[in-house]
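[1] Give me coordinates for this.
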Amino acid sequence: MVLAASGQVLEGLKNLVVGASGSVTEEAAAVDPLEKMDLTCMKTAQLQTWLTIQQKFQYILGPSAGFVALHKENTLEPALSSITSDVAGLPKENVGECAIGQLMLQLLKVITIDSDGELIGQIKNQDQLSSPILTLLLDVPWTAFQPEWPLFGLLAQAAVKRSQTHTNNEAIDGLIQPELKQFASAMNRAIGETNLEGLRGLSRAFIDSGADAVKVSPIGFLTAVFTQAATSATKKDAQAMLSDAQIFMKNMITSPSDLEATLGSQWPMWGMAYLASLKAAN
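    Purely as a prediction, here's the structure:
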């Protein structure tokens, strides 16, 4: 059974987003809603602890974590133990002050203890996890919390594990056509070879196919957009492509089941999303 996060802690994240997007007074309008939300947890009373936890997530989630499963005994379990200890050491009144940090910890728990990808699939039935994840993916600009909190890196790890044992059927991934199968294989091969030029060309060709490509394989198309962002020449270009990707994602993911489908995909969507988020920050 998926380890559920504190409903009070994670509901706080959802309420902040709803509050930020609702009606506001003239006085409140002068305050940047994202700044008020403090998704990077820079205004918390226990700032140093949350900074330390951020750094631990960033340390284990290097660029390769987008595509290669982290070692359970050498990496995941020590990180989970260390971060859990940090949170346990917080004063009781401060435990819930960084909702996104708590969410990241819960995801790390699931990924660490899940040996066959089954628990990751159950996230769709755990509203205390799926709801805040969807809130961050669909309602908040991604640059508001990444790369400080590398959520895409954890989702990429979840996808690596889930897709190995619970792979989507070809219809869900839009891989019925032989041409698209070859395209997806070429993309995965280019990733293995760290062939950025190849990835840029492949993703551009997919995007240039336009509406037809979207219709045949929405997940593949979004993967191509993330790939364009990850291989962009500049940080500014990557940020622009990420904004486009989020708009597309809002149309593609409308439920926890849709999120699950992306985690089991044969397309390296979350891995490319993670690389894109790193490119947009550097």
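
[2] Can you name every helix or strand that the helix or strand where Phe221 lies contacts?
    Using DSSP states H and E, Phe221 sits in helix 218-230. Using 3 or more CB pairs under 8 Å, 6 or more residues apart in numbering; DSSP states H and E, the elements in contact with helix 218-230 are helix 170-173, helix 178-192, helix 196-208, helix 211-216, helix 235-252, helix 269-281. C-beta here means a position set from N, CA and C on the backbone, and glycine is covered the same way.

[3] can I get those in JSON lines with mean neighbour count and distance to Thr262?
    Converted to JSON lines, the helices and strands packed on helix 218-230 look like this (neighbours: other CB atoms under 10 Å; distance: least, CB to CB, whole Å):
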{"stretch": "helix 170-173", "mean neighbour count": "16", "distance to Thr262": "10"}
{"stretch": "helix 178-192", "mean neighbour count": "16", "distance to Thr262": "14"}
{"stretch": "helix 196-208", "mean neighbour count": "17", "distance to Thr262": "17"}
{"stretch": "helix 211-216", "mean neighbour count": "14", "distance to Thr262": "15"}
{"stretch": "helix 235-252", "mean neighbour count": "17", "distance to Thr262": "8"}
{"stretch": "helix 269-281", "mean neighbour count": "26", "distance to Thr262": "6"}
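
[4] Of the ones you listed, which is nearest Thr75?
    helix 269-281 (16.0 Å; CB to CB).

[5] now that closest one against helix 196-208, angle please.
    Interaxial angle, helix 269-281 versus helix 196-208 (axes from the mean of the first three to the mean of the last three CA atoms, to 10 degrees): 110 degrees.

[6] same for helix 269-281, what does it pack against?
    The criterion is 3+ CB pairs under 8 Å, 6+ apart, and the helices and strands that helix 269-281 contacts are helix 151-165, helix 218-230, helix 235-252, helix 256-263.

[7] Check the model's average confidence along it for me.
    Computed over helix 269-281, the mean pLDDT rounds to 96.

[8] Other residues contacting that helix?
    61, 63, 65-67, 142-143, 146-147, 150, 152-153, 155-156, 158-160, 191, 219, 222-223, 226-227, 229-232, 235, 238-239, 241-242, 245, 262-263 (CB atoms under 8 Å, 6 or more residues apart in numbering).

[9] coming back round to it: and the helices and strands packed on helix 269-281 as JSON lines, adding mean pLDDT?
    Below are the helices and strands packed on helix 269-281 laid out as JSON lines (pLDDT from 0 to 100):
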{"stretch": "helix 151-165", "mean pLDDT": "95"}
{"stretch": "helix 218-230", "mean pLDDT": "95"}
{"stretch": "helix 235-252", "mean pLDDT": "94"}
{"stretch": "helix 256-263", "mean pLDDT": "95"}
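
[10] any chance of those in a markdown table, plus distance to Glu197?
    Converted to a markdown table, the helices and strands packed on helix 269-281 look like this (distance: least, CB to CB, whole Å):
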| stretch | distance to Glu197 |
| --- | --- |
| helix 151-165 | 22 |
| helix 218-230 | 12 |
| helix 235-252 | 16 |
| helix 256-263 | 26 |
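
[11] Now do the nearest residue to Thr262 once chain neighbours are set aside against Leu70, distance only.
    In this structure, Thr262 finds its nearest non-sequential neighbour in Met269, 5.6 Å apart by CB to CB, 6 or more residues apart in numbering. To Leu70, Met269 is 18 Å away according to CB to CB, to the nearest Å.
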